[in-house]
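Colleague: Pasting the sequence and the predicted coordinates here, then a few questions.
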Amino acid sequence: MPDQISVLFVCLGNICRSTMAEGVFQSMAKKEPYKDLVAEIDSSGTGGYHIGEGPDDRTMSTLEKHGITDYVHAARKVNASDFDKFDYIFAMDRSNLSDLQRIQQRKPGSKAKVMLFGEYSGTGKAEVINDPYYGGNQGFEKAYEQATRFSTNFLKEVFPDVQPPQ
């Protein structure tokens, strides 16, 4: 059996994009064939604007619309210890990525691989998940679609010998 992995999703406020990605990934990782392969999944923000708050209502309604009804999270800010705790830290956009890289520079030798989640777009070019906070529901649907596609591609790449459900 392959080694277990741990994954952290990061956006600005930890109430829209990173929680969407965490909810989607969590729902995939708790099912076969991935059930025993992912040790920990979490999300956080680069800013502390919403610490302790739940996800945006539109994130929750989008997840629920797609059958993810058991997601619970309280927003938190990313901290330096995350870079030793998680194997992968996925930024939702390039600004988040820059912030994370700046923090990681203060943690030489940390184990986390920090990258854009959209590196797993499957299109051959990295995509960002744009912040849907100030937009309409279509932005949340797009974030859901991207999180689903990126999660699927990531799991296939990191566990190439595991057969995903058809």
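Modeller: Structure received. Numbers count the residues shown, from 1 in each chain.
Colleague: Only C-alpha atoms from now on, for both contacts and neighbour counts.
Modeller: OK.
Colleague: Give me the secondary structure label for the closest residue to Glu119 other than its chain neighbours.
Modeller: Of all residues not flanking Glu119 in the chain, Ala126 sits nearest, at 4.4 Å (Cα to Cα, 6 or more residues apart in numbering). Judged by DSSP: H, G, I helix; E, B strand; the rest coil, the three-state class of Ala126 is coil.
Colleague: now this structure, which segments are flagged as low pLDDT?
Modeller: For the chain, residues meeting the criterion pLDDT under 70 lie at 1-2, 165-166.
Colleague: which ones are touching Leu37?
Modeller: Pro2, Asp3, Gln4, Ile5, Ala29 (Cα atoms under 8 Å, 6 or more residues apart in numbering).
Colleague: All the helices of this structure, residue numbers only.
Modeller: 17-29, 57-65, 82-85, 94-105, 137-158 (DSSP state H).
Colleague: which helices and strands does the second one pack with?
Modeller: I take that to be helix 57-65. helix 17-29, helix 137-158 (3 or more Cα pairs under 8 Å, 6 or more residues apart in numbering; DSSP states H and E).
Colleague: which other residues reach the first one?
Modeller: So the one you mean is helix 17-29. Counting by Cα under 8 Å, 6+ apart, 8-11, 34-35, 37-38, 41-45, 55, 59-60, 63, 68, 71, 73, 92, 129-132, 143-144, 147-148, 151 sit against helix 17-29.
Colleague: tell me the angle it makes with helix 137-158.
Modeller: Orientation note: helix 17-29 sits at an angle of 50 degrees relative to helix 137-158 (axes from the mean of the first three to the mean of the last three Cα atoms, to 10 degrees).
Colleague: can I get the CA coordinates of helix 17-29 in CSV?
Modeller: This file holds the C-alpha atoms of helix 17-29, laid out as CSV (Å, rounded to 0.1, in the frame of the first residue of the first chain):
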residue,chain,number,x,y,z
ARG,A,17,-12.1,28.5,-2.4
SER,A,18,-10.0,26.6,0.0
THR,A,19,-13.0,25.3,1.8
MET,A,20,-14.6,24.3,-1.5
ALA,A,21,-11.4,22.4,-2.4
GLU,A,22,-11.2,20.8,1.0
GLY,A,23,-14.8,19.7,0.9
VAL,A,24,-14.5,18.2,-2.6
PHE,A,25,-11.2,16.5,-1.8
GLN,A,26,-12.4,15.2,1.5
SER,A,27,-15.5,13.6,-0.1
MET,A,28,-13.3,11.8,-2.7
ALA,A,29,-10.6,10.8,-0.2
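Colleague: picking up where we left off before, so which of the contacts of Leu37 wins on neighbours?
Modeller: Using other Cα atoms under 10 Å as the neighbour criterion, Ala29 leads the contacts of Leu37 with 21 neighbours.
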